[in-house]
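Participant: coords please:
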Amino acid sequence: MGKTNKLAFNVAFCGIVTALATVFLFLSIIPSFAYVVPAFAGMVIWTVTRHMSAKWAYMCYAAASLLALMLIPEPEANLFFIFFFGYYPTLCNVLEKIKNQVLQFIVKLAIFNAAVVIAYQLLVFLISAEEMLEGMEFLGELAVYVFWAAGNVAFIIYDLCMKTIKQAYIKVIQPKISAKLK
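Facilitator: Below is the predicted model:
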């Protein structure tokens, strides 16, 4: 494939991936999907890393983030995509090079918690904390901490699932896409 054809392919592939990630984010209008679809959208963007490079994936992430801000009415989904799920699957390729598994886990958890704190602060600015924690009033002051702890458990499960999904993609889907491109 010549340079011009390769650039055209990269731009087209990234456009499709960005559009698909944005369509996933549209599903966040379904109330219980606000935390789930940003994770799927980020995994879609990760495929760009496998076929091209992290640079291209981060460009797709930036484009999808801008589209989400302009088109998606769900602030929670937008912020969690922008501050964590949109870039994290691609960033994991770098983080997984840390040989010490405990240090790798601590770094991943620190990145997640920093992203959650920033996104939460912005959400409190955009919508009230009471609205965010609706249905958890019985926990009183502990609601934020319970929600945060649940988020950390969900992150650990997400990180483990993401590894499995990436491996399945590499073994099953990527060879089929690569064969079609030749």
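Participant: tell me the phi and psi of K97?
Facilitator: phi -80, psi -10 (degrees, to the nearest 10).
Participant: ugh, wrong one, N100
Facilitator: Dihedral angles (degrees, to the nearest 10) for N100: phi -70, psi 110.
Participant: Next up, the contacts around the spatially most central residue of the chain.
Facilitator: Residue closest to the mean C-alpha point of the chain, counted by C-alpha atoms, centre = their mean, is F85 at 2.0 Å. When contacts are counted by C-beta atoms under 8 Å, 6 or more residues apart in numbering, F85 is found next to P38, A39, A41, G42. Every C-beta, even on glycine, is put in place using the N, C-alpha and C of the backbone.
Participant: so what pLDDT did it get?
Facilitator: At F85, the model reports a pLDDT of 94.
Participant: quick one, phi/psi of it?
Facilitator: phi -70, psi -30.
Participant: now do the one 10 residues further on
Facilitator: Backbone geometry at L95, expressed as degrees, to the nearest 10, gives phi -60, psi -30.
Participant: separation between it and W148?
Facilitator: Plainly put, L95 is 21 Å away from W148 if you go by C-beta to C-beta, to the nearest Å.
Participant: And for L25?
Facilitator: In terms of C-beta to C-beta, L25 sits 23 Å off from W148.
Participant: Compare the two (neighbour count), which wins?
Facilitator: L25 (27 against 13; other C-beta atoms under 10 Å).
Participant: Most widely separated two among the contacts of F85?
Facilitator: A39 and A41 (7.3 Å; C-beta to C-beta).
Participant: Those two: who's more crowded?
Facilitator: Set A39 next to A41 and count neighbours by other C-beta under 10 Å: A41 wins out with 31 against 21.
Participant: Give me the three-state assignment for that one.
Facilitator: Secondary structure, DSSP: H, G, I helix; E, B strand; the rest coil: A41 is helix.
Participant: From I72, how far out is it?
Facilitator: Relative to I72, A41 is positioned 10 Å away (criterion: C-beta to C-beta).
Participant: send the alpha carbons of stretch 172-182 over as PDB?
Facilitator: What follows is stretch 172-182 as a C-alpha-only set of coordinates in PDB (Å, rounded to 0.1, in the frame of the first residue of the first chain):
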ATOM      1  CA  VAL A 172     -10.300 -13.600  16.300                       C
ATOM      2  CA  ILE A 173     -11.200 -10.300  14.700                       C
ATOM      3  CA  GLN A 174      -7.900  -8.600  13.800                       C
ATOM      4  CA  PRO A 175      -6.700 -11.500  11.600                       C
ATOM      5  CA  LYS A 176     -10.000 -11.200   9.600                       C
ATOM      6  CA  ILE A 177      -9.600  -7.500   9.200                       C
ATOM      7  CA  SER A 178      -5.900  -7.800   8.200                       C
ATOM      8  CA  ALA A 179      -6.800 -10.500   5.700                       C
ATOM      9  CA  LYS A 180      -9.400  -8.200   4.100                       C
ATOM     10  CA  LEU A 181      -6.900  -5.300   3.900                       C
ATOM     11  CA  LYS A 182      -4.300  -7.400   1.900                       C
END
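Participant: Cool, thanks, talk later.
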